[in-house]
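1. take this sequence and fold it.
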Amino acid sequence: MKRTDNLALREYDFERRFDERRALEWMQENWSKSFMFCGLYAALLNLRRPLVLWSLSLAIFSIIGAFRTDCTCYTSSQPAASDSPVCDISFYSAPVSKFWAYAFVLSKAPELGDTVFIVLRKQHQVAGGGWFMTMNYVVHSFMYTYYAARAAGLRVPRPCAMIITATQIMQMVMGLAVLGLVYHWMHEVRCPSYMDNIAWGSLMYLSYLILFALFFYNSYLKGSSGDKGSKAE
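-> Next up, the predicted model:
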């Protein structure tokens with residue numbers, strides 16, 4: 001699948017003027033502040049109104065980020081690295097995607113950073129990064145919308161929680177699939193990556209996959225089967 005110019009997103013001024021080099025320098029100088037944001041986030045967990053605003057703002061941010069990063073792997077101005085969209089790393093230099101990659105990293109401050117920090121490091125422009133970022137934006141769009149609704153005291157139907165957990169599981173499956181394709185093509189086409197990146201990324205996605213799968217089973221399947229057994233007796 002190749003990029004087509006008519007699918008390119010319109011670039012806004014703030015995206016076009018974004019200086020990723022200066023942004024990276026700022027992040028390197030202020031990385032320790034993530035601990036402060038982490039503490040602030042934990043302190044706000046028991047405060048309903050700030051938690052509603054926080055979750056709602058992250059939901060809106062994730063929705064916009066999902067729309068702005070979708071298809072940017074195919075629509076940047078540089079030639080494709082290969083015929084495979086998984087191997088295309090041109091999103092690292094495209095105005096739209098590189099801005100939202102940096103914004104995505106900043107949104108991870110309460111979580112003490114994220115492995116997508118490599119998005120802004122020129123020496124680590126690995127294949128698949130754009131897919132990981134967009135998938136996370138999409139899943140977080142649903143997740144933080146759900147959190148905001150719950151924090152506001154709204155009654156959210158149980159199937160909604162099940163669907164969100166299912167999308168998180170699918171994200172991990174897709175992450176492993178992308179890493180598998182990168183590994184498969186790494187030596188056959190121009191698909192830049194490193195074994196360390198593939199190994200650690202696979203370990204991360206696999207561990208999350210197991211955790212979310214166990215959570216889904218214990219929360220939505222185990223109890224249901226127990227209830228059916230009790231009613232049958």
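
2. tell me the buried residues in stretch 193-203?
-> Across stretch 193-203, burial judged by 16 or more other CB atoms under 10 Å covers Ser193, Asn197, Ile198, Gly201. C-beta here means a position set from N, CA and C on the backbone, and glycine is covered the same way.

3. the longest helix seen in the chain packs against which elements?
-> For the chain, the longest helix by residue count, based on DSSP state H, is helix 158-185. Contact analysis of helix 158-185 by 3 or more CB pairs under 8 Å, 6 or more residues apart in numbering; DSSP states H and E lists helix 129-151, helix 195-216 as its packing neighbours.

4. closest to Met172 out of the ones you listed?
-> helix 195-216 (3.7 Å; CB to CB).

5. lowest mean pLDDT among the helices and strands, pick that one out for the protein.
-> helix 72-75 (a mean of 47; mean pLDDT, DSSP states H and E).

6. quick one: mean pLDDT for whichever helix or strand comes after that one?
-> Next along the chain after helix 72-75, taking DSSP states H and E as the criterion, comes helix 95-107. The pLDDT scores in helix 95-107 average 77.

7. and helix 95-107, what's buried?
-> Pro95, Val96, Ser97, Lys98, Phe99, Trp100, Ala101, Tyr102, Ala103, Phe104, Val105, Ser107.

8. now do stretch 176-192
-> Buried, per 16+ other CB under 10 Å, within stretch 176-192: Leu176, Val178, Leu179, Leu181, Val182, Tyr183, Trp185, Met186, Cys191, Pro192.

9. surely Asp88 meets Ala127?
-> Yes: using CB atoms under 8 Å, Asp88 makes contact with Ala127 at a distance of 7.3 Å.

10. any stretches of this protein with poor pLDDT?
-> Scanning the chain with the threshold set as pLDDT under 70 gives 1-9, 31-48, 71-84, 108-125, 189, 223-233.

11. what about Arg190, which helix or strand?
-> With DSSP H and E as criterion, Arg190 is part of no helix or strand.

12. circling back: give me whichever of the helices and strands packed on helix 158-185 is most buried.
-> Greatest average neighbour count among these goes to helix 129-151 (a mean of 21), per mean count of other CB atoms under 10 Å.

13. can you list contacts of it?
-> With contacts defined as CB atoms under 8 Å, 6 or more residues apart in numbering, helix 129-151 is touched by 48, 51-52, 55-56, 58-59, 62-63, 65-66, 69-70, 72-73, 86, 88-89, 91-92, 97, 100-101, 104, 116, 118-119, 156, 160-161, 163-164, 167-168, 171, 174-175, 178, 201.

14. just the C-alphas of it, formatted as PDB.
-> Provided in PDB are the C-alpha atoms of helix 129-151 (Å, rounded to 0.1, in the frame of the first residue of the first chain):
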ATOM      1  CA  GLY A 129       6.500   3.600  15.400                       C
ATOM      2  CA  GLY A 130       3.600   5.500  13.600                       C
ATOM      3  CA  TRP A 131       1.400   2.400  14.000                       C
ATOM      4  CA  PHE A 132       2.000   2.100  17.700                       C
ATOM      5  CA  MET A 133       1.300   5.800  18.200                       C
ATOM      6  CA  THR A 134      -1.900   5.900  16.200                       C
ATOM      7  CA  MET A 135      -3.200   2.700  17.900                       C
ATOM      8  CA  ASN A 136      -2.600   4.200  21.300                       C
ATOM      9  CA  TYR A 137      -4.400   7.400  20.400                       C
ATOM     10  CA  VAL A 138      -7.400   5.500  19.200                       C
ATOM     11  CA  VAL A 139      -7.700   3.200  22.200                       C
ATOM     12  CA  HIS A 140      -7.100   6.100  24.600                       C
ATOM     13  CA  SER A 141      -9.900   8.000  22.900                       C
ATOM     14  CA  PHE A 142     -12.400   5.400  24.100                       C
ATOM     15  CA  MET A 143     -10.700   4.700  27.400                       C
ATOM     16  CA  TYR A 144     -10.500   8.300  28.700                       C
ATOM     17  CA  THR A 145     -14.000   9.100  27.400                       C
ATOM     18  CA  TYR A 146     -15.200   6.100  29.600                       C
ATOM     19  CA  TYR A 147     -13.100   7.400  32.600                       C
ATOM     20  CA  ALA A 148     -14.600  10.900  32.200                       C
ATOM     21  CA  ALA A 149     -18.100   9.500  32.200                       C
ATOM     22  CA  ARG A 150     -17.500   7.300  35.200                       C
ATOM     23  CA  ALA A 151     -15.800  10.100  37.100                       C
END
